Each structure stands twice: as structure tokens, then as C-alpha cells.
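Novice: Pasting the sequence and the predicted coordinates here, then a few questions.
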Amino acid sequence: MRKRWVVGRGAMRQILGAYARLEPHSLVLKTATYGKPYLSWPVIGIPFNFSHTRDLALLAVSSGCRVGVDAEFVQSIAELEKISRRFFAAPEADEITALAPEARLSAFFACWTRKEAFVKALGRGLYAPLDRFRVTVKAEEPPRLVSADWCEPSTWTFADVGEPGIAATIAVNEFAPVVRRFEFGPTSN
Ligand SMILES: CC(C)(COP(=O)(O)OP(=O)(O)OC[C@H]1O[C@@H](n2cnc3c(N)ncnc32)[C@H](O)[C@@H]1OP(=O)(O)O)[C@@H](O)C(=O)NCCC(=O)NCCS
């Protein structure tokens, strides 16, 4: 676990260093009020966000707008309906529980990662009220912010970046961002 964290942090510094054109070790990482890391002076204008689940780590880097990413390993959940009702907006929980049993798990994780990517972009993480905004729920439905009390949904773009067995979403505070995905394998050392 600790090794994964160290490898993830090292890779994050390498990638951010390349964007900032600075040596990875010279980057100064700070955390904002609710724990969201950011690059401190002399680097400005490179917002990023990080998520890890098992052996996968995702780093989302943006060219200036707020960005959040969440990845979750899809595994069975004993009290899926109860957890949905506790954390999600009522219409989201209704939608999940109305689905056929075999579609519920993927919908739960689609909903969860879409919501968490959004609150991570805001920098609030799980301190944000997850029941006060809505996202699309079904896994096969385009990921989207449906409504939020405090912002215009069309100013946000979501992208699914999952792979088999992993649900993952990026949320970007921009109307039509270009989303590019790069994959990095394990290093030998
Ligand atoms: C931080 C939080 C969003 C992490 O979610 P998670 O699914 O467990 O973990 P992820 O791998 O997706 O994200 C972790 C990364 O998010 C980033 N992060 C931490 N706080 C963040 C925040 N407020 N906003 C955005 N990103 C944050 C960090 O880079 C962190 O990486 P690290 O663990 O290597 O430091 C979530 O645990 C949280 O908000 N916690 C604080 C509130 C809380 O614990 N409430 C409990 C009651 S519900």
C-alpha cells in the first residue's frame, strides 16, 4: 500500500514536472482547505487531480480550469440501495433501485465516480453535499451534470475514463474540453 502511494506520487511529480518544465523534485505541492493538492509558486495555471484504486492511478491535468477525477474498483456492495439513499440525491437513488438487479452495480459506480469527480473538481471532496446535485446514473448514459443548486450544469463536462472492472470519471469546468488519455506502465525500479 505504502509502495503504491510512493510510486503514484513519484509518477505524479514526473508528469506534472513535464507540464511545468521543471525538475520533478523542485515542484512544491500544497493542499487547500479540504485537502485538494495544488502546485504552488512558481507554477501557476496547471490544476490537476489524482485518484487511485488498487493498481490503477489516474492523474487529470488541465490547462487552467478546475478538474477532478475519481476511479473506483467495481465490487459488489451489500447494502447498495441503503448507501444510494444515504449519499445520492433522491432521484438518483430512485433511478438506481428501479433498474434490473444486474444493472444496479454499474449504475451505482457510474453515479458515484461522476459525483466524486465533480466534488473533487470543486475541491470539497466528500465534505460537499452529494445529495444537492444530480448526475446521469446509468453506466451506458453519457456522463453529465444534470443539475446543481449553485452552478450552471452546461459549464461542466464529464468524461468516462474507466476500463473493464474499473469505473472512472473526469469532471472539467469547461464547456468542450479536449480530453486526451495517456497510459503509463509500471517502471522497472
Ligand atoms: C479526499 C477524498 C475525495 C478521496 O476520495 P477516495 O475515493 O478515497 O480517494 P481517491 O483515490 O479518489 O483520491 C485521493 C486523492 O484525492 C486528492 N484529494 C484529497 N482531498 C481532496 C479534495 N478535497 N478535493 C479534491 N481532491 C482531493 C489527493 O490527491 C488524494 O491523493 P492521496 O490520497 O495520495 O493524497 C475523500 O476521501 C474525502 O473527501 N475525504 C474527506 C471527507 C471525509 O472523509 N468525509 C467522511 C465522511 S463522508
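Specialist: Cool, the structure landed.
Novice: tell me the contacts of the nearest residue to residue 47 once chain neighbours are set aside?
Specialist: Leaving aside its chain neighbours, residue 47 sits nearest to residue 62 (5.0 Å; criterion: C-beta to C-beta, 6 or more residues apart in numbering). Placement of C-beta: from N, CA and C, glycine included. Counting by C-beta atoms under 8 Å, 6 or more residues apart in numbering, residue 62 makes contact with 46, 47, 48, 172, 174, 177.
Novice: One more: residue 116?
Specialist: Taking C-beta under 8 Å, 6+ apart as the test, what residue 116 contacts is 68, 70, 72, 125, 126, 169.
Novice: Doesn't it belong to a helix?
Specialist: Yes: assessed with DSSP: H, G, I helix; E, B strand; the rest coil, residue 116 lies in a helix.
Novice: any idea how far it is from residue 135?
Specialist: 10 Å (C-beta to C-beta, to the nearest Å).
Novice: where does this structure come near the ligand, residue by residue?
Specialist: Proximity of the chain to the ligand is confined to 5, 34-37, 49-52, 68, 70, 116, 120, 123-127 under the rule C-beta under 6 Å from any ligand atom.
Novice: Return the residues in contact with the closest residue to the ligand within the chain.
Specialist: Minimum separation of the chain from the ligand (C-beta to the nearest ligand atom) falls at residue 125, amounting to 2.4 Å. Counting by C-beta under 8 Å, 6+ apart, residue 125 makes contact with 34, 35, 36, 116, 119.
Novice: Most neighbours among the residues you listed, please name it.
Specialist: The most neighbours of any of the contacts of residue 125, using other C-beta atoms under 10 Å, belong to residue 116, which has 24 neighbours.
Novice: Backbone dihedrals for the spatially most central residue of the chain, both of them.
Specialist: Nearest to the geometric centre of the chain sits residue 69, at 2.0 Å (C-alpha atoms, centre = their mean). When read as degrees, to the nearest 10, the backbone of residue 69 gives phi -140, psi 140.
Novice: what's the answer for residue 35, then?
Specialist: Dihedral angles for residue 35 - degrees, to the nearest 10 - are phi 100, psi 0.
Novice: Assign residue 170 to helix, strand or coil.
Specialist: strand.
Novice: Check what pLDDT it gets.
Specialist: Residue 170 carries a pLDDT score of 96 in this model.
Novice: Can you report how many residues lie near the nearest residue to residue 135 once chain neighbours are set aside?
Specialist: Nearest residue to residue 135 in three dimensions, chain neighbours excluded: residue 114, at 4.0 Å (C-beta to C-beta, 6+ apart). Residues contacting residue 114 under the criterion other C-beta under 10 Å number 27.
Novice: doesn't residue 136 make contact with residue 114?
Specialist: Yes: using C-beta atoms under 8 Å, residue 114 makes contact with residue 136 at a distance of 7.0 Å.
Novice: joint contacts of these two?
Specialist: Residues touching both residue 114 and residue 136 (C-beta under 8 Å, 6+ apart): residue 143.
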